[in-house]
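Student: Pasting the sequence and the predicted coordinates here, then a few questions.
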Amino acid sequence: MRLFHKLFFSGILLGSLILTGSMYSADPKATNQLPEIIPGTQSPKKLPPLGEVTKIIQGQFAGLKYYQAGDLITRNQVRPIFKQLQKAGWDVKEQKEILNRVHADNDFLATQLRTPKGIKFMRKISRLPGGYDRLDHILVMPYGKRRIKEFINSPGGNLMIEYMTTTKGGKNLGKYLSQTKTGKGFNAPTRRIYTEAQLVQVLQKAYVKATQQNKRKN
């Protein structure tokens, strides 16, 4: 049965993705008063400990109803973290860049993975290496949205993503799709941040950078 699903969905992808791939404030007024803080003399803020940063991130997601580790995260879930970090003493300079790498709540993929069937599908493919990345790659290909809906709503639809990410045949399929106009880099990870664990890694790197910058200023 698993082989049937793999062959069935592989045929769908090759037929629809490959063959159709070739289609398509105002400045404040000057005063005579001296500024309260002379520029260049203010000490950098002391950052909160890294352990506290991690706890803030984990606490945000732990408080979300129905959330499980590995679920696709969205901007509205991530945005409050930056406010909490700011209160703790860290104003994350990369906030905008990081938020742009997270799916918006009304993105196609985010909305599809919030349906009852989408949640079941998501929690199966989230365990696969690059599972979310493959969905994003499929999304930009011809009939990509239709294919993703079929995967979500078909019994065993997750098996095609498993095939793509864990087998030699799946990797070869990805290489072939990479040669099409809309499938470039099909096997490669995207720059998206999909999960809580990935967000923790990104913020840890930003924290190290901020720590080094503070040391240079002192």
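Tutor: Right, received. Where do you want to start?
Student: Domain-wise, how is the protein divided?
Tutor: As assigned by automatic domain parsing, the chain contains the domains 47-102+193-218, 125-191.
Student: and the shortest one, how far out from the chain's middle?
Tutor: Think domain 125-191. Computed by C-alpha atoms, centre = their mean, to the nearest Å, the separation of domain 125-191 from the middle of its chain amounts to 16 Å.
Student: State the distance from the residue most central in space within the chain to V140.
Tutor: With distances taken as C-alpha atoms, centre = their mean, I193 lies nearest the centre of the chain, 2.2 Å away. In this structure, I193 and V140 are 18 Å apart, going by C-beta to C-beta, to the nearest Å. Every C-beta, even on glycine, is put in place using the N, C-alpha and C of the backbone.
Student: now do A188
Tutor: Using C-beta to C-beta, A188 is found at 13 Å from V140.
Student: Can you give me the end-to-end span of stretch 185-200?
Tutor: Start-to-end span of stretch 185-200 (C-alpha to C-alpha, to the nearest Å) is 25 Å.
Student: tell me which residues in that stretch are buried?
Tutor: 186-187, 190, 192-196, 198-200 (16 or more other C-beta atoms under 10 Å).
Student: Could you tell me which of the residues you listed belong to helices?
Tutor: Taking DSSP state H as the definition of helices, these contribute 196, 198-200.
Student: could these go into JSON lines alongside distance to K175 and pLDDT?
Tutor: Output for those, formatted as JSON lines (distance: C-beta to C-beta, whole Å; pLDDT from 0 to 100):
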{"residue": "E196", "distance to K175": "31", "pLDDT": "98"}
{"residue": "Q198", "distance to K175": "25", "pLDDT": "98"}
{"residue": "L199", "distance to K175": "30", "pLDDT": "98"}
{"residue": "V200", "distance to K175": "31", "pLDDT": "98"}
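Student: Would you confirm that K171 contacts F186?
Tutor: No. The criterion here is C-beta atoms under 8 Å, and K171 misses it with F186 at 9.6 Å.
Student: Could you check how far the nearest residue to R147 once chain neighbours are set aside is from V200?
Tutor: In this structure, R147 finds its nearest non-sequential neighbour in I138, 5.5 Å apart by C-beta to C-beta, 6 or more residues apart in numbering. I138 sits 27 Å away from V200, going by C-beta to C-beta.
Student: hang on, isn't Q68 packed against R123?
Tutor: Yes. Applying C-beta under 8 Å, one finds Q68 in contact with R123, separated by 6.6 Å.
Student: neighbour count winner among these two?
Tutor: R123 (16 against 12; other C-beta atoms under 10 Å).
Student: ok so, going back, relative to A104, which of the ones in helices among the buried residues of stretch 185-200 is nearest.
Tutor: Within these, proximity to A104 (C-beta to C-beta) peaks at L199, which comes in at 15.1 Å.
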